[in-house]
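[1] Need coordinates for the following:
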Amino acid sequence: MSLKAFRSAFLDFIDDPFYASEADSVRYFSDGLLVLEDGKVKALGTYEDLHEIYADVSVTTYPDRLILPGFIDTHIHFPQTEMIAAFGEQLLTWLSKYTFPTEGKFKDKAYAQEIASFFLDELLKHGTTTALVFAAVYPQSVDAFFEEASRRHLRMIAGKVLMDRNAPDFLTDTPETAYAESKQLIEKWHKHDRLLYAITPRFAVTSSDEQLRLAGKLLAEFPDVYMHTHLSETVKEVALVASLFPESDGYLDVYDRAGLVGSKSVFAHGIHLTEAEFQRLSEAQAAIAFCPTSNLFLGSGLFNLTKAKSADTPIKVGLGTDVGGGTSFSMLETASEAYKVTQLRGENLSSFQALFLATLGGARALSLEDTLGNFEPGKEADFIVLDPRATPLMARRNATASATSLAELADQAFATIILGDDRAVHATYVMGELAYKNKAYEPVAA
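    Predicted coordinates for the structure are as follows:
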């Protein structure tokens, strides 16, 4: 038995603050102790209650810090890392001008490995420990990504992109090769170490009926893998899908007819959904990845989070950075932009709701709530150490280091979301082991 412990302030969620009160959904210890056994949570409670029980266990102390479960990014493209912040286009032109040429480089596995390594290091630096990731159309891009993720012992989900039309020849596959290559990759990587596989048609525009049908066949053959794609990101895209699939009853129906809408289906964006599509996603227990920095940067629109999290059509929602249409790897910055999107809609997003979406909400969106997302005993111990006073401005704004009430905590968390970025992440732990350390701070061993 290998035990270790961490002392700090702790925040996690035991229920959904969109539906439950803050008192019933937020768990906070201003002076807590997290005890781990072999990389998993054994206990969490107040230091006063637990320290004598675990008196012989080595404790790492993070004074004046706040420990949260690792952030979960529900939609991101690793091949787009180097083209982040590409200027001046909306989605369809942006894809043709920037994305497709960049993704062509990933035919070279060594290059894919180099970017995958950089990409995963950036995630850890920003406090993200789990992500649902687009690779490129080339199987070797998936191998490169999973090899690097396995080397870091990360809980990652990824898949080869499927595209057999409306893309450059160097990026297209066929329905048959997409099926065969995806099947080989599933058999090689799904449930290897902490890795999971997602069948990944890019979006309906770049897949034929036959390719989507074979993707659905694959999903039926491997029902515990994920399905990850884009949905209703822009008005022009929705119109194009309607022209390409005239027999369908809307964008979501294209995927539904192919058997791709289920409880492990994650749809990025979902900005321009109909009432019927909200109902269908809710009924299927599918998830939406809300990607505010991308939606604003590409001018795609304002996601209706209130509708998605309503009692009438409850849908699993997580946050996605959507790099490289998204403009930051930081889930704090992504949550900040999510707040602004809701403000533009005349609505509201509390700090606890935002952090829920980035942690337990993301785990639920990825059907991983039994594995990670909070500090319940038995869950994998991926967590981050935040400094709410990381910069001079944050220190001025968050005058006291540790909140003593939920109201104080809500205010401190909100300021950290709005002002924070990777500088606020002082350490990232993967299965209880230090995976990233901000050089500005050294933990105190006791």
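[2] Name the residue closest to the centre of the chain, please.
    residue 73 (1.3 Å; Cα atoms, centre = their mean).
[3] Check the secondary structure at that residue for me.
    Recorded secondary structure, residue 73: strand (DSSP: H, G, I helix; E, B strand; the rest coil).
[4] Please name the bridge partners of it.
    residue 131 (DSSP bridges).
[5] Next one, pLDDT for it please.
    Here the pLDDT value assigned to residue 73 is 98.
[6] where's it relative to residue 123, distance?
    7 Å (Cβ to Cβ, to the nearest Å). From N, CA and C alone the C-beta is placed, and that goes for glycine too.
[7] Common neighbours of these two, please.
    Listed contacts common to residue 73 and residue 123 are residue 131; contacts here mean Cβ atoms under 8 Å, 6 or more residues apart in numbering.
[8] So what touches the helix or strand harbouring residue 220?
    Using DSSP states H and E, residue 220 sits within helix 209-221. By Cβ under 8 Å, 6+ apart, the residues outside helix 209-221 that reach it are 162, 164, 174-176, 178-179, 182-183, 186, 199, 201, 204, 207, 225, 227, 245, 254-255, 257-260, 262.
[9] Spit out the contact partners of the residue nearest to the centre of the chain.
    So residue 73 contacts 123, 128, 130-132, 318-321, 331, 362 (Cβ under 8 Å, 6+ apart).
[10] Go through these and flag which are in strands.
    128, 130-132, 318-319 (DSSP state E).
[11] need the longest helix for this structure.
    helix 109-125 (DSSP state H).
[12] That helix: how far from the chain's middle?
    Centre-to-centre, helix 109-125 and its host chain are 17 Å apart (Cα atoms, centre = their mean, to the nearest Å).
[13] Ok, stretch 107-125 next?
    With Cα atoms, centre = their mean, you get 17 Å for stretch 107-125.
[14] what comes up buried for it?
    109, 111-113, 115-117, 119-120, 122-125 (16 or more other Cβ atoms under 10 Å).
[15] And stretch 362-380, by the same measure?
    Applying a neighbour-count criterion of 16+ other Cβ under 10 Å, one finds 362-369, 371-376, 379-380 buried in stretch 362-380.
[16] check which helix or strand covers the closest residue to residue 347 other than its chain neighbours.
    Distance criterion Cβ to Cβ, 6 or more residues apart in numbering; nearest residue to residue 347, sequence neighbours excluded, is residue 306 at 5.0 Å. Applying DSSP H and E as the criterion places residue 306 in helix 305-308.
[17] Of all the residues in that helix, which ones are buried?
    305, 307-308.
[18] what does that helix contact?
    In contact with helix 305-308 (Cβ under 8 Å, 6+ apart) are residues 270, 278, 288, 290, 313, 315, 317, 338, 341-342, 345, 347, 349.
[19] Closest one to residue 13 out of the residues you listed, please.
    residue 317 (13.7 Å; Cβ to Cβ).
[20] The closest one: neighbouring residues, count only.
    By other Cβ atoms under 10 Å, the residues close to residue 317 number 25.
[21] And for the one 5 residues further on?
    Using other Cβ under 10 Å as the criterion, residue 322 is surrounded by 31 other residues.
[22] What distance do you get for residue 191 to residue 225?
    The gap separating residue 191 from residue 225 is 9 Å, by Cβ to Cβ.
[23] and what of residue 435?
    From residue 435 to residue 225 the distance is 26 Å (Cβ to Cβ).
[24] returning to that earlier point: out of residue 191 and residue 225, which sits in the busier spot?
    Neighbour tally, residue 191 and residue 225, criterion other Cβ under 10 Å: the higher count belongs to residue 225, 22 against 11.
[25] Now for that one: which residues touch it?
    186, 190, 196-199, 219, 264.
[26] rerun that using 6 Å as the cut-off
    Shown in contact with residue 225 (Cβ atoms under 6 Å, 6 or more residues apart in numbering): 186, 190, 197.
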